[in-house]
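A.B. asks: Next come a sequence and a model predicted from it.
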Amino acid sequence: MLKSIQQQIERLKQAGVTYVDARWYPFEESNSLMMWNGNLKETSASRESGVGVRVLYKGAWGFSASSDLSNLAAIFDKALDNARVAAERVTFPIRLAEKDAIQASFTSPCQINPFDVPLADKVAFLKEMDACLDQPGVFQRMSALNFTRKQIVFVDSEGSHIEKLITEVFATLRVAGRDEQGAVHERKYHPGRLGDSRGWETIDPRRFAENADRIVAEMNQVLTAEPCPKEDRSVILLPGIMYLQTHETIGHALELDRILGYELAFAGGSFVTLDDFGKLRYGSEKLTVRADATIPNSPGSFGYDDDGVPAQNNLLIDKGILVGAITGRQMVEEANARARRLIFNGSSGANRATSFYRVPIERMTNINIDPGTDGTLDDIVRNTERGIILDGDRSWSIGSNREQFHFATEIGWLVEDGQVSRVVKNPTYKGATLKFWNSLSAVGDESTWELRYVNNCGKGQPNQIMQLGHGIPVCRFDNVRIGE
Amino acid sequence: MKQRILQTLSELRNYALSKGYAISIFYHEEDSYLMRFANSAISLNTNEHLIRLEITAYDGRKRASYEMITDLDKLDEMKQGVDVAAEMVQHVQPLGYEPTLPTFSESFADETAYDAALAALSNAEKLDYFNTVVKGLETEEIRLSGIFSHGVTTVAQINTRSPRTQFVRFSDAQVTVVLAHSQLKWEVQAEQSAQQKADLDPLAVRRELAFLLHHYQNDAPLQIPLGTYDIVFGPAAIADLLSMMNWIGFNGGSLKRGFSFLREEHVGKTVFSDKITLLDDPTRRETFPFKRDGTGIPRHPMPLIEAGVFKGFTWFQDDADEFGMTPTGHTVMHKSLVLQGGDQPVQTLEDLVQMRRDKDVLYIPFLHYMNIVNPSKGIVTASSRFGALLLKQDGSVAVPYNVRLTQSLLDIFGQKVAWLAQTTLPYNTSASYGARNPTAIIVPAFMRVNGLEISHSNASY
């Protein structure tokens, strides 16, 4: 198959295309199990294979994909036909940033392949977790496991040939209870990533059991709590919500295709402009953010992106100043040309597709905030006069240019004069993105830093679900509206 | 092709029976085309042809499923999929209830929502549509974005209970046209949903865009003060709100799991405005309807809300099995929701702007990134987007920067409803997550709701 793909690439080169690449998935398999109130509601598996072909012709992209590889030439021809039509409406002819021709391979670190683990063992884990969650006050309990494993062969007309084998394991626990008024309150556990690998070995039943007890206890506290007050306070975000704040108001806002207007028909744009790079004070001096695709144990690390560019660790925000973006080969060329200055020195290696039948677009890798110097969570609380500690994502809604947001969390703990006073229910907070990040007044040290994964980030048309990560410390922001 | 699909399913059924398996097979085929525009160029032109086969194996109270992307030429591969599902089911834990493996009482096929002309739409025709819509509206600063998505979706089913089959085929198109100012970052949008080629009317889209563009280019923008406003929602916003209500309102499974703002005691009671009548109406072809559900139950028009009275919950087969309820024919990929029009004779945005008004009215055509803040109370939050207007009492128009609403669906569809437009139209709510599932909701062109609170107001675009 590889030879046939290379022959087709050569054939299209002879036909005059500027560039062509193919992503052949010999296989992609998944396995999902979900237990709800003791019922194994979902036991599913899937397997697929196919090829996606991307052709650049006269400054325009064409793409075609199929699971039927019996007529490979037809897939390549269809991609070229699609590019020919697109070339009839070109306003900025696509150019690709330079990259090296690479022959390489990448295998995500995995000690135990989850697809080698017997189904009975996976079910036993869920039963154990279900029993842990089955406690007084719990009205709904859910535990879930999801596994994926895929082989990707990337070949392009510039001489690159990259093979990747990526395995991911995701697990979740969730409980819900009813308060006196009958309103439902939830608490979830999404484990942070420890160690250096991302296989079945990351599932530690003891750690899950401890956290099952914790989320049940916290949910029961919420059930009898007073409502969150409606006022301005300092908010202290724990990793269970800090990851999402980072994701929605830094990550998506700094995707270069959004900044250039390529997502305006659906996902939206960004308040960031090309003029802002190197100048915009995005946050306080305590804020340093990087896109780091080299962390071994995160789904935001993949070796090489779907442009064939190696994974990198790049600064996005340096001591509060915007310095970088999430980029692929096409967008950096266009951005530099539109800005009439060199903003981006090559692709940052963040162009990814969710499957063989989707085209790669700018996606987050691991968008991380550097740990700070404001100590532990206890230190931050001790130095907070009037605040609220928030954790657990309940809902999130962001303006179309990522300029403002509204989040609801699962639990809040009020802080008065440096001490935690009481739990409140239905906590929310909202703000304007730049004002919020510039109100960052404390960043926790290494002890507060956690690597969280996101396994369901949606973007693009047709929509693509992507996996990525966020390494984040506990952070405090001042004068934030809560309770609305 | 239909015969080949059904023949393949029949062969897989025979194979399963020969092995002693109890299985059901769900076949989904999509032929999808997407032309995407950005910065006034075609940023992507793509197509995909995918056949997904979901095989669910049953063994008493045990159930497991296996999904594959495959091809009709790969019968052996499909048989292996049947074996995998049957193997999986041996190792799973029994459910606390017996899942239903339905018996289709008759074979059923429906291709009335398939239009060969729409299915065969060419690249040139799609490009011509877009060029017609935006001719003379684009400038160096005003740039075109949008999508023209069209395709054919085929769904077929069989199981080992009987040789009878279900087969349905849809054609669909969804068009979104956005004109955005590259520097000021405002956007205006117009959309169209088509089930037949004849539904495509680029000039109607053009008229709406041109009207909005005129206001965004000429009327003063402003940050509106926080507070309560009388709001007129456009079709996109109404459809989005109804989708949310469908999710956390009428669904019996959500009710039992505590994620519904409607309760059992609400059935038969006036919960919403008496101006609100909402049906699940599979006779409306514009909704890409399923006339049989996945278990073979014939689907007929069913009132969900009648003059404000909540009529009852809908039940998927699996939820009905688990909670001891009677399924209502809603084991479907989507309902056919129809919100009936009211008595206000307003057809177009031009009509709305020209209406006499006793106070300032905020027009919000589109709600961006809606999410559920509190499911038990039906509280949702979202921001305005794509062409909001402040219609001033004196008849003038201003362009408001985007605002945020955080409100209960019980308020939005409750006693604060002032009027609904007589005119209704299909609004396409298809998501492009996963397998193609063309969906549209029929909504009034406009709905006015008084006294809703704006909780955030942007200081710029």
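C.D. replies: Perfect, thanks for sending it.
A.B. asks: in chain A, which spans are helices?
C.D. replies: In chain A, the segments counted as helices under DSSP state H are A:2-14, A:72-86, A:119-133, A:205-223, A:239-246, A:256-259, A:329-339, A:377-382, A:433-438.
A.B. asks: What is the fourth one packed up against?
C.D. replies: Secondary-structure packing of helix A:205-223 (3 or more CB pairs under 8 Å, 6 or more residues apart in numbering or on different chains; DSSP states H and E): helix A:119-133, strand A:161-178, strand A:184-189, strand A:404-416, strand A:419-425. (Glycine included, C-beta is placed from N, CA and C.)
A.B. asks: and what of the last one?
C.D. replies: Here helix A:433-438 is seen to pack against strand A:404-416, strand A:475-482 when contacts are counted using 3+ CB pairs under 8 Å, 6+ apart.
A.B. asks: got the buried residues for the last one?
C.D. replies: Of the residues in strand A:475-482, those scored as buried under the neighbour-count criterion (16 or more other CB atoms under 10 Å in any protein chain shown) are A:475-478, A:480-482.
A.B. asks: Can you narrow those residues down to the ones near chain B?
C.D. replies: Near chain B, taking CB under 8 Å from any CB of the partner chain as the test, no member of the buried residues of strand A:475-482 is found.
A.B. asks: between those residues, which is nearest B:Asp71?
C.D. replies: Taking CB to CB as the measure, A:Cys475 is the one of the buried residues of strand A:475-482 closest to B:Asp71, at 50.3 Å.
A.B. asks: So what pairs up with the closest one in the strands?
C.D. replies: A:Leu237, A:Val443 (DSSP bridges).
A.B. asks: Can you verify my assumption that it contacts A:Trp437?
C.D. replies: No: counting by CB atoms under 8 Å, A:Cys475 does not reach A:Trp437; the two are 9.5 Å apart.
A.B. asks: rewinding a little: so which of the helices and strands packed on helix A:433-438 is nearest B:Ala16?
C.D. replies: strand A:404-416 (44.2 Å).
A.B. asks: Contact residues of the stretch 301-450 of chain A facing chain B?
C.D. replies: Going by CB under 8 Å from any CB, the residues of the stretch 301-450 of chain A near chain B are A:357, A:359, A:394-401, A:403-404, A:406, A:408, A:426, A:428, A:430, A:432.
A.B. asks: Repeat the analysis, applying 7 Å as the threshold.
C.D. replies: A:357, A:359, A:395-401, A:403-404, A:406, A:408, A:426, A:428, A:430 (CB under 7 Å from any CB of the partner chain).
A.B. asks: Make sure I have this right: B:Glu11 is in a helix.
C.D. replies: Yes: when DSSP: H, G, I helix; E, B strand; the rest coil is applied, B:Glu11 is found to be in a helix.
A.B. asks: number of nearby residues for the residue lying closest to it once chain neighbours are set aside?
C.D. replies: Distances taken as CB to CB, 6 or more residues apart in numbering or on different chains place B:Leu75 nearest to B:Glu11, at 6.4 Å, with adjacent residues excluded. Neighbour count for B:Leu75, taken as other CB atoms under 10 Å in any protein chain shown: 14.
A.B. asks: my read: B:Leu75 touches B:Asn14, true?
C.D. replies: No: with contact defined as CB atoms under 7 Å, B:Leu75 does not count as touching B:Asn14 (11.2 Å).
A.B. asks: ok so, going back, okay, the helices and strands packed on helix A:205-223 in JSON lines with mean pLDDT and mean neighbour count next?
C.D. replies: Output for the helices and strands packed on helix A:205-223, formatted as JSON lines (pLDDT from 0 to 100; neighbours: other CB atoms under 10 Å in any protein chain shown):
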{"stretch": "helix A:119-133", "mean pLDDT": "96", "mean neighbour count": "18"}
{"stretch": "strand A:161-178", "mean pLDDT": "97", "mean neighbour count": "21"}
{"stretch": "strand A:184-189", "mean pLDDT": "97", "mean neighbour count": "22"}
{"stretch": "strand A:404-416", "mean pLDDT": "98", "mean neighbour count": "24"}
{"stretch": "strand A:419-425", "mean pLDDT": "97", "mean neighbour count": "16"}
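A.B. asks: among these, which is nearest B:Ile51?
C.D. replies: When the helices and strands packed on helix A:205-223 are compared by CB to CB, strand A:161-178 sits nearest B:Ile51, at 24.8 Å.
A.B. asks: right, is the closest one up against chain B?
C.D. replies: Yes: residues of strand A:161-178 are located near chain B by CB under 7 Å from any CB, namely A:176, A:178.
A.B. asks: Given that strand, what are its sheet partners and their directions?
C.D. replies: strand A:103-107 (parallel), strand A:140-156 (antiparallel), strand A:184-189 (antiparallel).
A.B. asks: Thought A:Glu48 was touching B:Glu67, still the case?
C.D. replies: No: B:Glu67 is beyond contact range of A:Glu48, at 8.3 Å (criterion: CB under 7 Å).
A.B. asks: Quick one: end-to-end length of stretch B:320-337, please.
C.D. replies: 21 Å (CA to CA, to the nearest Å).
A.B. asks: Quick one: mean pLDDT for that stretch?
C.D. replies: Mean pLDDT, stretch B:320-337: 96.
A.B. asks: buried residues in that stretch?
C.D. replies: B:320-322, B:325, B:327-337.
A.B. asks: Quick one: residues in contact with that stretch.
C.D. replies: With contacts defined as CB atoms under 7 Å, 6 or more residues apart in numbering or on different chains, stretch B:320-337 is touched by B:97-100, B:242, B:246, B:252, B:256, B:278, B:280-282, B:284, B:287, B:289-290, B:293-295, B:297, B:299, B:314-317, B:437, B:439, B:441.
A.B. asks: what's the closest of the buried residues of strand A:475-482 to A:Met142?
C.D. replies: A:Ile482 (28.0 Å).
A.B. asks: so B:Val152 sits in a strand?
C.D. replies: Yes: checked against three-state DSSP, B:Val152 lies within a strand.
A.B. asks: and it, what pLDDT?
C.D. replies: Reported pLDDT for B:Val152: 95.
A.B. asks: Next, the contact list for it, please.
C.D. replies: B:Val152 touches B:31, B:119, B:169, B:171, counting by CB under 7 Å, 6+ apart.
A.B. asks: do B:Ala435 as well
C.D. replies: B:28, B:30, B:52.
A.B. asks: Local confidence estimate at it?
C.D. replies: Confidence score, pLDDT, at B:Ala435: 83.
A.B. asks: Helix, strand or coil: sort out it for me.
C.D. replies: Strictly by three-state DSSP, B:Ala435 counts as coil.
A.B. asks: re earlier: of all the strands paired with strand A:161-178, which lies closest to B:Ser430?
C.D. replies: Minimum separation from B:Ser430 across the strands paired with strand A:161-178 (CB to CB) falls at strand A:140-156, 25.1 Å.
A.B. asks: CA atoms of the closest one as PDB?
C.D. replies: Output of strand A:140-156 as PDB, limited to C-alpha atoms (Å, rounded to 0.1, in the frame of the first residue of the first chain):
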ATOM      1  CA  GLN A 140     -26.700   8.700  39.800                       C
ATOM      2  CA  ARG A 141     -23.300   7.200  39.400                       C
ATOM      3  CA  MET A 142     -21.300   6.600  36.300                       C
ATOM      4  CA  SER A 143     -17.800   5.300  35.500                       C
ATOM      5  CA  ALA A 144     -16.400   5.000  32.000                       C
ATOM      6  CA  LEU A 145     -13.300   3.800  30.200                       C
ATOM      7  CA  ASN A 146     -12.300   4.800  26.600                       C
ATOM      8  CA  PHE A 147      -9.400   3.500  24.600                       C
ATOM      9  CA  THR A 148      -8.100   4.300  21.200                       C
ATOM     10  CA  ARG A 149      -5.100   3.000  19.200                       C
ATOM     11  CA  LYS A 150      -4.200   4.100  15.700                       C
ATOM     12  CA  GLN A 151      -1.400   3.700  13.200                       C
ATOM     13  CA  ILE A 152      -0.900   6.600  10.800                       C
ATOM     14  CA  VAL A 153       1.400   6.600   7.800                       C
ATOM     15  CA  PHE A 154       2.100  10.100   6.500                       C
ATOM     16  CA  VAL A 155       3.700  10.500   3.100                       C
ATOM     17  CA  ASP A 156       4.200  13.700   1.200                       C
END
